[in-house]
Structure formats: structure tokens, C-alpha cells
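> Sequence plus the predicted model coming up.
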Amino acid sequence: MKGVAFGQYYAAESPIHRLDPRAKVIMAILYIVCTFLCKNLAGFIALVASALLLTLFSKIPLRLILRSLRPILVIIIFTSIINVFMTRGEVLLTPESWKIKIYAEGLWNALFMILRISILIIGTGIFLTYTTTPIALTDALEYLLSPLKVFKAPVHDFAMMMTIALRFIPTLTEETEKIMNAQKARGADFTTGSLIKRAKALIPILIPLFVSAFNRAFDLASAMECRCYHGGKGRTRLNVLHYRAVDFVAMMLVVAFGVGLFFLNRYGFGYTLS
Amino acid sequence: MNKIELEHVSYVYGPGTPFEKKALDDVTLGIRAGCITGVIGHTGSGKSTMMQLLNGLSAPTDGRVLLDGYDINGTPEQLFDQLRDLPEFRGLSRRALKKAVKAEIIKRRRALCFRVGLVMQYPEYQLFEESVSRDIAFGPQNMGLDEEEIKARVLEAAKFTGISPELLEKSPFDLSGGQKRRVALAGVIAMRPEVLVLDEPAAGLDPQGRDFIFEGISRYQKETGTTVLIVSHSMEDMARYCDDMIVMANGRLLMQGGCKEVFARISELSKVGLDIPQITQLIALLRERGLEIPADIYTVEDAVAAVRRALEGRKEERA
């Protein structure tokens, strides 16, 4: 499984791994709010420090965490370029005569934007995808969304669909690789030729992939029906989630961090976003 | 003469990641031209990995794979000396020669999958066309052959794999599992490869489907003289259809040689959890009970003949 760093569970024994998945979902949301609370340099220093601390606590290699940024690298670069060139400020860095004007404020804005997006991704990665199995995650979502059942929202079905989809991503990736190799062995060429030719070259991969995905779906559906599965009503769980004291403490810590950031915005130092 | 040679070949999956795994470890072996060679070994012994190296789908992490003495993954610099003496390059200037050799290497690399035809495990997954004949024609089409030649090859491949003419116009998705398997096999045979590599061609088939596949391969090999490699778990099939055998264990080459030589080393085979054919086990039991028959019997036919001979010998003694 190469290149699918985002969404990969990293098995380890850490305090964050052991937290209740529902607590982690809530903490992830609170942490996202925190990243947007930051307004000045002091706040962002605290934010970076908190991200490093979380990494340390979660026992996930830093290399792996940085790799999760790769898919959004383009977005980061794009937004920072826009910030650098489009922000008007007071301190002009380029000579007066230049057409392109870069202000110090623009550089600060770009830096803060990079940090904010990166830490947003890193934070959700640490709280959710890296330390929580996809199954636990969908379980947590089902619990947290269950109030919506009052409005007849199919929360359980939705969670089940998510679980199945997540479960089959690696399977289908593997299968795609297998089919590609089989067609390459028959001389299929995916890399040369015009765009239309290359699109056509995908047919020998997509058709077998769809056929097998449908077959898998039929098999899975019959297997579920054989075990009398009929949706969420009256269904009990094998693993019931229980909050522990430590979950509340962890959530309170994130809230406290947010309050801290609020005060740093007031009394902190360094460049401040307007 | 050896058609394929592996020289100190190693292969590592996911190097530098936590999932790093050495699938092949310093394997050196040769595969005789015009023979059926069986490859056996437990799951995870590196058989399938080795098969994917033979047609250049993956390149070995270390070592060389030679086809007719030519390194299939060699860089232009490495292969220059080997190719410069080809008759078609004679009389070219040095610069033109370099260019021509480079073009030749690219051409050879593209032609590699047509020269070494690989049938993967459960190949029925690779079918995609709207009719069986068009699916078989996929390989030959990629070779750039003309219509008539393709048609002839499809019919020939269908004949070898026992696909009847009325099946040719059906959708491959309407066929039974065994039929699909044969269509996939025909799709590779239609490319007329010099080497045919089959990864567990009979896995998951009933005994009849299994015999059908093996008989077809055997017939094809005899008529065309192709070099064939078969990966299998079944010692019975190996004993019956193969000339040579390669035994793999934990990514290493354990033994190589004729079927009889390999089966004679029973104790080593059982050490890595492989069985000798059931009929050979039965023969061993019969010998223990005092029946005078040779020990090196690996097929049911041979066993029947030997037991008959032994019994007739007894009768004569009594008379």
C-alpha cells in the first residue's frame, strides 16, 4: 500500500491511542477551532508546540506525520503565494519602482496560513486517522450523530456504509494492482500515447475492477443477510464504548488550551492578524 | 541449454518502510529450454514474486535475470558490448551504433511480455472484453499484428485450451469459472510466447477442470516446444507433467533438478512441510509390507504397472 498515508492507522501503544474514539472526535473538532483562534505570533508558537507535544505523546514517527501533508502541498503552496502577493500592508519590502509589491504583512499572513493548514491536518491526523482504527471511528460517529435519529436520519446505515467503504479501500487497491499487472503482462500500455489513447487503456482495468467490486458487494450482502442483519433497530453492540475519567480530562485540556490561546491573543506578542 | 537464468536474485517488498519484507534471497537457478519446469513451495516462499521477475513486471532488488543470456533489466551501458556485435549493426558509425543499440533495448523491453507470457493467479479476473474471442485477441492486438494473423492465433489458442467455437462469441462474464480460466490462459497463449509462465493455473478448480488445464498445457508444450514454468502446490500434478522441479522455501532455492532426483530427497521436502505424491507414500507402505516394487514411482499409471508386475512375479514363484 504505497502513497496512501492519509487515513492509515498506525498501530502503537500510546495514551492517545487508548482514548475513547468519541472523545477523540470531539477533541479533533475542538483542536480545529483552536487553530482558528490563533491570531498572533505567540499563539502560533503555542500551537506548534502543542502539535509537537501531541506527536510525542502519540508515539507516531514525525516522518509519517509530515507525510500526511503531502496531498495538500499544492493547496498550501497556492494559498501562501496568494497571501504573499495579494496582501496590502504598510511595510513594503520590494523597491518602490517594482510592479510586484510584497509587504511584510503578506509574508506573515502566508506563514500563519501555512502553519494553520498544516497543523489542522496534523491535528486531525493524530486524533483521528493515525490513532483510531477506521472501525472505531465510524462507531464514534454513529454515537455522536445518534441524536439525528429523532429526525429519521439513517445514522446507523450511514455508519455501516462508511465502515464497509473504509474496509474495502485496501482490498480494492490491491486488486487494481493485480489487474494492472495482468494486463501489462498481455502488453497493455498505460503510459504512452495521446490522452484519449491513455483513457482507453484504462478500460481493461476498470471493467474487471467493477465486475469484482459488484461481486464482492453481492457476496457481502448475502453474508450479512445470512446472519440476519437488518439495519440498526434493536441492534446491540459487541464492543460498547465507555467514557473514562481520562477522556474527560483530555477533552478539558484541549478546551483549556483554547482558552489559553484566547488570552494569548490579548496579551501575546509578535505580528497580529487583522 | 538454459532459456532463463537467475543470478543471485533478491527481491525486497517495500524497502525502507516498516513493512519491509525480503521475498527472494540470493536465488541462482537455470531453467532448461523446451521443458516443463515445476516450481513448488509453501505460501510465502517467494514463488509468485519470482514469476513476476521473469517478464520484467518488477525488477529484482539485486542480481540479474537473463533470458537467452541477455539481462532483461540491463541499462544501455551494460548491454552495449553485448549488442554491438549483432549482424544488423555492422558497418554503422559509433554514434549511429549507440542510438541503434538504445532503440533495440527499448524494443526488447517492450517485447518482453510477449516473449515471456505470464498467466497470473486466478487470471479470470483479468477478462474485460465483450466477447471471448476479442478478449483472447487483446494480447496479439497489443503486439500490433494484422487482423488475419490475430484471427488465426485466437483460433489456435482456443483449440489448445479446449474452448469450443460457439463459446468464442459469448460474453466472458457468462462462462463458468473453469471456462473463464481457460479463456484467460488462451489470451496469453495467443501471443505465442517463447516462455509460458503459469502461476497456480489450476487453483480452485474441480479435478476435471484441473486435468483439462494441465492436459491442455502439456499438449501445447509438446506441439510448440515452448519452455513452460508451472507454479503449483500439488505434488501429483508436478510428478505427472513436469520434467524438472524447483523447490523454494522462505525465499531461497532449496533444490533444483529432475522430478525423480527431487522426490528422492523426501526427508528434506517434509522438513519444509511439502509432501511427496500420495501414490509414492502408498508405494512406500506397500514396500514396508514386503511387496517388491521400486520406490521411485510418482504417478498412478506407473504404480499400477509396477504392482501388476510384482504380483505376476509372485504368481510365477508360486507356480
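Cool, got the structure.
> For the rest of this, base every contact and every neighbour count on C-alpha atoms.
Fine.
> element containing the residue of chain A positioned farthest from its centre?
Residue farthest from the centre of chain A, counting by Cα atoms, centre = their mean, is residue A:97 at 44.1 Å. Using DSSP states H and E, residue A:97 sits in no helix or strand.
> Equivalent analysis for residue B:248, please.
Per DSSP H and E: residue B:248 is located in strand B:244-249.
> Could you do residue A:114 as well?
Using DSSP H and E, the element containing residue A:114 is helix A:104-124.
> For that helix, what does the pLDDT average out to?
Mean per-residue pLDDT for helix A:104-124: 91.
> what's the following helix or strand after that helix?
With elements assigned by DSSP H and E, the helix or strand that comes after helix A:104-124 is helix A:134-145.
> And the contacts of that following helix?
Residues outside helix A:134-145 that contact it (Cα atoms under 8 Å, 6 or more residues apart in numbering or on different chains) are A:9, A:21-22, A:25, A:128, A:155-156, A:159-160, A:162-163, A:166-167.
> let's see it at 7 Å
A:21-22, A:155-156, A:159, A:162-163, A:166 (Cα atoms under 7 Å, 6 or more residues apart in numbering or on different chains).
> that older thread, could I get the average pLDDT for the strand holding residue B:248?
Strand B:244-249 comes out at a mean pLDDT of 91.
> biggest helix in chain B, by residue count?
helix B:94-115 (DSSP state H).
> who are the neighbours of that helix, in terms of helices and strands?
helix B:76-83 (3 or more Cα pairs under 7 Å, 6 or more residues apart in numbering or on different chains; DSSP states H and E).
> Packing partners of the helix it packs on?
helix B:94-115.
> got the CA coordinates for the helix it packs on in CSV?
Provided in CSV are the C-alpha atoms of helix B:94-115 (Å, rounded to 0.1, in the frame of the first residue of the first chain):
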residue,chain,number,x,y,z
ARG,B,94,29.9,4.8,-33.4
ARG,B,95,27.3,7.4,-32.9
ALA,B,96,24.7,5.7,-35.0
LEU,B,97,25.5,2.4,-33.3
LYS,B,98,24.9,3.9,-29.9
LYS,B,99,21.5,5.2,-31.0
ALA,B,100,20.6,1.9,-32.7
VAL,B,101,21.5,-0.1,-29.6
LYS,B,102,19.4,2.1,-27.4
ALA,B,103,16.4,1.7,-29.7
GLU,B,104,17.0,-2.0,-29.7
ILE,B,105,17.0,-2.2,-25.9
ILE,B,106,13.7,-0.3,-25.7
LYS,B,107,12.2,-2.5,-28.3
ARG,B,108,13.3,-5.6,-26.5
ARG,B,109,11.9,-4.4,-23.2
ARG,B,110,8.5,-3.8,-24.7
ALA,B,111,8.6,-7.1,-26.5
LEU,B,112,9.5,-8.9,-23.2
CYS,B,113,6.0,-9.5,-22.0
PHE,B,114,5.2,-11.1,-25.4
ARG,B,115,8.2,-13.3,-25.2
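> hang on, the earlier thing: separate out the buried members of the contacts of helix A:134-145.
The neighbour-count criterion (16 or more other Cα atoms under 10 Å in any protein chain shown) marks A:21-22, A:155-156, A:159, A:162-163 among the contacts of helix A:134-145 as buried.
> Now intersect the residues you listed with the helices, please.
Filtering those for helices - DSSP H - leaves A:21-22, A:155-156, A:159, A:162-163.
> So which of the residues you listed is the closest to chain B?
Chain B lies nearest to residue A:163 out of those, by Cα to the nearest Cα, at 24.3 Å.
> For residue A:133, see how far away the closest one is.
As for residue A:163, its distance to residue A:133 is 10 Å (criterion: Cα to Cα, to the nearest Å).
> Also residue A:21?
To residue A:133, residue A:21 is 9 Å away according to Cα to Cα.
> follow-up on the earlier one: reformat the ones in helices among the buried ones among the contacts of helix A:134-145 into TSV and put pLDDT and distance to chain B next to each item.
Listed next are those as TSV, based on pLDDT from 0 to 100; distance: Cα to the nearest Cα, whole Å:
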residue	pLDDT	distance to chain B
A:21	92	25
A:22	93	29
A:155	87	35
A:156	87	33
A:159	86	30
A:162	85	26
A:163	83	24
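> ok, for the closest residue to chain B within chain A, nearest residue in space, not its chain neighbours?
Using Cα to the nearest Cα, the closest approach of chain A to chain B is made by residue A:186 at 4.8 Å. Spatially, and ignoring its direct neighbours in sequence, residue A:186 is nearest to residue B:139 (4.8 Å; Cα to Cα, 6 or more residues apart in numbering or on different chains).
> List phi and psi for that neighbour.
phi -60, psi -60 (degrees, to the nearest 10).
> Now do it: how many residues are near it, please.
Residue neighbour count, defined by other Cα atoms under 10 Å in any protein chain shown, stands at 29 for residue B:139.
> so it sits right up against residue A:187, yeah?
Yes - in this structure, residue B:139 is within contact of residue A:187 by Cα atoms under 7 Å, at 6.0 Å.
> how about low-confidence regions in the stretch 51-200 of chain A?
Within the stretch 51-200 of chain A, no stretch has pLDDT under 70.
> Flag every residue of it that's near chain B.
A:179, A:182-183, A:185-188 (Cα under 7 Å from any Cα of the partner chain).
> Please flag which of the residues you listed sit within helices.
Of the positions in those, A:179, A:182-183, A:185 sit in helices, assigned by DSSP H.
> can I get those in a markdown table with neighbour count?
A markdown table is the format used below for these (neighbours: other Cα atoms under 10 Å in any protein chain shown):
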| residue | neighbour count |
| --- | --- |
| A:179 | 21 |
| A:182 | 24 |
| A:183 | 21 |
| A:185 | 24 |
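> For the residue lying closest to residue A:202 once chain neighbours are set aside, give me the backbone phi and psi.
Closest residue to residue A:202 apart from its sequence neighbours, by Cα to Cα, 6+ apart: residue A:190 at 7.2 Å. Main-chain torsions, residue A:190, degrees, to the nearest 10: phi -100, psi -10.
> how far away is residue A:190 from residue A:181?
Separation of residue A:190 from residue A:181 (Cα to Cα): 11 Å.
> of those two, who's got more company?
With neighbours defined as other Cα under 10 Å, residue A:190 and residue A:181 compare such that residue A:181 has more, 20 against 15.
> Read off the pLDDT value for the closest residue to the more buried one other than its chain neighbours.
Distances taken as Cα to Cα, 6+ apart put residue B:57 closest to residue A:181, at 7.0 Å, once the chain neighbours are dropped. Note on residue B:57: pLDDT of 85.
> contacting residues around the residue of the stretch 101-250 of chain B found nearest chain A?
Residue nearest to chain A within the stretch 101-250 of chain B: residue B:139 (4.8 Å; Cα to the nearest Cα). The contact partners of residue B:139, by Cα under 7 Å, 6+ apart, come to A:186-187, B:187-188, B:191.
> of all the residues you listed, which comes closest to residue A:111?
Closest to residue A:111 out of the contacts of residue B:139 is residue A:187 (48.8 Å), distances taken as Cα to Cα.
> Please report phi then psi for residue B:198.
Main-chain dihedrals, residue B:198, degrees, to the nearest 10: phi -120, psi 120.
> beta partners of it?
residue B:119, residue B:230 (DSSP bridges).
> How about residue B:115: what's its closest non-neighbour residue?
residue B:193 (4.4 Å).
> so how many other residues sit close to that neighbour?
Counted with other Cα under 10 Å, the neighbours of residue B:193 add up to 19.
> that older thread, buried sites along the longest helix of chain B?
Residues B:97-98, B:100-102, B:105, B:109-110, B:112-115 are the ones in helix B:94-115 that count as buried (16+ other Cα under 10 Å).
> Equivalent analysis for stretch A:263-272, please.
Those would be A:264-265, A:268, A:272, for stretch A:263-272 by 16+ other Cα under 10 Å.
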